[in-house]
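K.L.:
Predicted coordinates and the sequence they were generated for:
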Amino acid sequence: MKNKIVTSVLALLAIALVTTTITVSAQELHREKSLYRNIVVKQDGDRRCLVFAVKRGDQHQTCMSTRDPKLLVFPYVRMTLAGLLLNPKPKRVLMIGLGGGSMPTAITELVPTAHLDVVEIDDAVVRVARRFFDYKDTMRMRTYVSDGRVFVKRAALRKNSYDMIFLDAFTGDYIPEHMMTFEFLEEMKQILNEDGVLVANTFSTSALYDYESMTYEAVFGEFFNFKMPITANRVVIATRSGKLPEPEALKETATSLAPDLRAYGVDITTYPTFLETKVDWQTRNRRILTDQYSPANLLQGR
Amino acid sequence: MQSTQMTNYLVMSLAFTSGFIIMCVELLGGRILSPYFGSSIYVWGSVITIFMLALSIGYLLGGRWSLNNPNLARYSIFFLVAAVALIPTILWGDAIMDQIFLHVEDPRYGSLIASAIIFFVPTVILGMVSPYSVRLLVENREHSGQVAGRLYFVSTAGSALGTLATSFYLVLWFEVNSILISAALVLTACGGIAQFWHHFRTEESEAGSTCRPPLLKNPLYEE
C-alpha cells in the first residue's frame, strides 16, 4: 500500500517535471509594460531574447546564448563591431541604446582600456538587461538613463568627447525623430574627437533610407555604407574628419582583430569588402532631415 | 437680418480657425521641444499642461472682456494679437530653449518652463476667442445654451481637424516654422476680415438709420 502511494507520487512528480521542462523550452521569463514599450524576455532552448513590441510578425529583439554568452547572435549587432576597423583601440566610447547589453559588454572585453558611457532612455530595459542578460556596470562602464539627444547635448556643454559613438536607438516600431536630424548628427560630430568614429545602426529600406543617407552625407561627407546580404539593417560608419581608411588598411586591421573577435561569432575579415562608399540612394524629390523637417515615421511607411 | 446671419457664420468660422490653430501649435510644440528635452511622455505632459492652463485662463479673460461693449472690432484684436504672439516662438524659440537647457538639468522641468515661456501667451489669447464668440452669437437667454453648444462644436471640430492635418500631413510637407508662419498669417487674415466686417456693418446700419423715417422711432413701438 505504502509502496503504491510512493510510486504514484513519484509518477506524478515525474509528469510534473516533464511538463515543466517542455514549457521551459519556450518560456516567458519576464513581461512588463514600460513607459516606452512592452518588454518580454523569452527563453527558447539556450537562446534568451529581449523582445520589444511585436508588429506584424516583425519582432525587434536582441538575443544572447545562455550556453555561450559571448556570442553575438544577430548579424546587425556583429556588423556594428566593424567600427573597430577604423579605430581598434578607442579610449572613450559612447553607446546610445542598450538593447540586451551584449554590445557594450563585448566592447569592454575587446578593448579593456576603453571607458564606456551607455545611454538608455528606458530604465526598465536597463533593469531587465541587468537581471536577465548579465549586464553590469563596472569601473569602466557606466549606464545613464536619459534621452540620447539630451545626453549628447549635455556632453557637448560639459566638453566631453569620445573616440567612438555607437548609435543603436532605432527599432522598427517607432523612430525617435529628433535623433535622425542634421542638427543631431552635428551635435554628435561635435563631441567626437578629431579622429572620432560614428557607428550608426539604421534603416536600409523605404523612402527613409534616401532621406537618412542624404542627411549623413550632408554632415559627415563620404561614409561607409555597410550592408550585408544576410540582414535588412545597414550600418553607417562615418568619421569626424571625413577621411576614410583605404581598403588595404581595413583588411590589415581586420586580420589583426580577427582572433579576438572569433569568440563573439564575428568573422571580421569578411567585412572590409562590404564597406561601400558608393551613393546608392535616390536624391531626386528627397531632402535632408532637420529639426524643422523630420517626419521619419511617416517616411518609413513609404 | 441676413447680415446678422452672415455675422454668425463669420464668428463660427473664426472660432473654428482658432480651434484649428490651437491644436496645430500644440502638436508642433512637442516637435519644437524634442531637440532639447527629448520626446518622452513628460515632454508631452509639459506641453499639454501649459496649453490647458493657458486655455483655462483665456476662457476666464475672454468671458470677462465680453461684458464690456462686445463687438467684432474688439474680437478681431484677439486674432491680431495672437498672430503677433506667435512671432517670438518662431524667431527666438531656440535661443530661449538654449538658455533653459543651460540652467535646468531635469528635462521634465526644462520642458515645462520652455513650453510656459514659448506657448503660454499665444494660447491664452486664442482661448479668449471662445467665450467672446458665444457672447457675439447669443441674442437671448433661452438660446444661450444652444449657442454655446454650437460654438463648442465648431471650435472643437476645428481642433480635431487641426490635430489630424498637422500630424498626418503638414509635418510631412512643410517645415515647422513654415507652418507657424502660415498660422500667424491666417490669424492676421481672420483679424482683418473681422475688422472689415465690423466697419461694413456699422456703415450699413448707419446708412439704414438715416433712411428710416423718424416715425418708426417710437418708444412705444420699441418695447
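P.N.:
Alright, I've got the coordinates.
K.L.:
Show me which residues of the stretch 101-250 of chain A are close to chain B?
P.N.:
By Cβ under 8 Å from any Cβ of the partner chain, the residues of the stretch 101-250 of chain A that approach chain B are A:121, A:146-147, A:149-150, A:153-154, A:157, A:176-178, A:181, A:183-184. Every C-beta, even on glycine, is put in place using the N, C-alpha and C of the backbone.
K.L.:
Farthest pair within these?
P.N.:
A:157 and A:177 (22.6 Å; Cβ to Cβ).
K.L.:
okay, those two: which has more neighbours?
P.N.:
Per other Cβ atoms under 10 Å in any protein chain shown, whichever of residue A:157 and residue A:177 has more neighbours is residue A:177, with 21 against 11.
K.L.:
Show the contacting residues for the closest residue to chain B within the stretch 51-200 of chain A.
P.N.:
Nearest residue of the stretch 51-200 of chain A to chain B: residue A:147, at 3.1 Å (Cβ to the nearest Cβ). Going by Cβ atoms under 8 Å, 6 or more residues apart in numbering or on different chains, residue A:147 touches A:121, A:176, B:37-40, B:107.
K.L.:
from these, which ones fall inside helices?
P.N.:
B:37, B:107 (DSSP state H).
K.L.:
Make TSV out of the contacts of residue A:147 and add pLDDT, neighbour count and distance to residue B:154.
P.N.:
As requested, the contacts of residue A:147 are arranged in TSV below (pLDDT from 0 to 100; neighbours: other Cβ atoms under 10 Å in any protein chain shown; distance: Cβ to Cβ, whole Å):
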residue	pLDDT	neighbour count	distance to residue B:154
A:121	92	26	40
A:176	90	23	36
B:37	96	31	34
B:38	94	25	35
B:39	90	21	31
B:40	90	20	34
B:107	94	22	37
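K.L.:
Format the contacts of residue A:147 as TSV; extra columns: distance to residue A:198.
P.N.:
Shown next, in TSV, are the contacts of residue A:147 (distance: Cβ to Cβ, whole Å):
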residue	distance to residue A:198
A:121	19
A:176	17
B:37	23
B:38	20
B:39	21
B:40	24
B:107	24
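K.L.:
ranges for the helices of the chain?
P.N.:
I'll assume chain A. For chain A, applying DSSP H gives helices covering A:2-24, A:75-80, A:102-110, A:123-132, A:148-157, A:182-190, A:208-220, A:247-262, A:296-300.
K.L.:
wrong chain, I was asking about chain B
P.N.:
For chain B, the helices defined by DSSP H cover B:2-37, B:41-65, B:72-103, B:107-137, B:144-164, B:171-173, B:176-211, B:219-222.
K.L.:
The first one near chain A anywhere?
P.N.:
Yes: looking at helix B:2-37 against chain A by Cβ under 8 Å from any Cβ, the contacts come from B:31, B:34-37.
K.L.:
Now do that helix: distance to the chain's middle.
P.N.:
Its chain's C-alpha centre and that of helix B:2-37 lie 6 Å apart, by Cα atoms, centre = their mean, to the nearest Å.
K.L.:
by contact count, what packs against that helix?
P.N.:
Using 3 or more Cβ pairs under 8 Å, 6 or more residues apart in numbering or on different chains; DSSP states H and E as the contact test, the elements touching helix B:2-37 are helix A:148-157, helix B:41-65, helix B:72-103, helix B:107-137, helix B:144-164, helix B:176-211.
K.L.:
which of those sits most buried?
P.N.:
Compared across the helices and strands packed on helix B:2-37, helix B:107-137 shows the largest average neighbour count, a mean of 23 (mean count of other Cβ atoms under 10 Å in any protein chain shown).
K.L.:
by how many degrees do it and helix B:144-164 diverge?
P.N.:
Angle, helix B:107-137 to helix B:144-164, by axes from the mean of the first three to the mean of the last three Cα atoms, to 10 degrees: 140 degrees.
K.L.:
Next one: helix B:107-137, is it in contact with chain A?
P.N.:
Yes: using Cβ under 8 Å from any Cβ, helix B:107-137 comes into contact with chain A via residue B:107.
K.L.:
Mind giving me the packing neighbours of that helix?
P.N.:
Under the contact criterion of 3+ Cβ pairs under 8 Å, 6+ apart, helix B:107-137 touches helix B:2-37, helix B:41-65, helix B:72-103, helix B:144-164.
K.L.:
Quick check: beta-bridge partners of the nearest residue to residue A:137 once chain neighbours are set aside?
P.N.:
In space, and not counting its chain neighbours, residue A:137 is closest to residue A:143: 5.5 Å by Cβ to Cβ, 6 or more residues apart in numbering or on different chains. When assigned by DSSP bridges, residue A:143 has beta-bridge partners residue A:118.
K.L.:
In this structure residue A:143 contacts residue A:118, no?
P.N.:
Yes: with contact defined as Cβ atoms under 8 Å, residue A:143 counts as touching residue A:118 (4.7 Å).
K.L.:
who's more crowded, the two?
P.N.:
Neighbours were counted for residue A:143 and for residue A:118 using other Cβ under 10 Å; residue A:118 has more, 26 against 21.
K.L.:
Would you check how far apart the more buried one and residue A:107 are?
P.N.:
Residue A:118 is 10 Å from residue A:107, where distance means Cβ to Cβ, to the nearest Å.
K.L.:
who touches both of these two?
P.N.:
residue A:95.
K.L.:
about what we covered before: format the helices of chain A as JSON lines; extra columns: mean pLDDT and distance to residue B:150.
P.N.:
What follows is the helices of chain A, written out as JSON lines (pLDDT from 0 to 100; distance: least, Cβ to Cβ, whole Å):
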{"stretch": "helix A:2-24", "mean pLDDT": "58", "distance to residue B:150": "60"}
{"stretch": "helix A:75-80", "mean pLDDT": "88", "distance to residue B:150": "56"}
{"stretch": "helix A:102-110", "mean pLDDT": "92", "distance to residue B:150": "59"}
{"stretch": "helix A:123-132", "mean pLDDT": "93", "distance to residue B:150": "47"}
{"stretch": "helix A:148-157", "mean pLDDT": "96", "distance to residue B:150": "44"}
{"stretch": "helix A:182-190", "mean pLDDT": "97", "distance to residue B:150": "45"}
{"stretch": "helix A:208-220", "mean pLDDT": "95", "distance to residue B:150": "44"}
{"stretch": "helix A:247-262", "mean pLDDT": "95", "distance to residue B:150": "70"}
{"stretch": "helix A:296-300", "mean pLDDT": "86", "distance to residue B:150": "35"}
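K.L.:
so which of those helices comes closest to residue A:37?
P.N.:
helix A:123-132 (8.5 Å).
K.L.:
report the angle between the axes of that closest one and helix A:102-110?
P.N.:
Using the same axes, to 10 degrees, helix A:123-132 lies at 60 degrees relative to helix A:102-110.
K.L.:
Give me the residues contacting helix A:123-132.
P.N.:
Helix A:123-132 is contacted from outside by A:29-30, A:32, A:34-36, A:39, A:41, A:48, A:50, A:98-101, A:120, A:135-136, A:143, A:145, using Cβ under 8 Å, 6+ apart.
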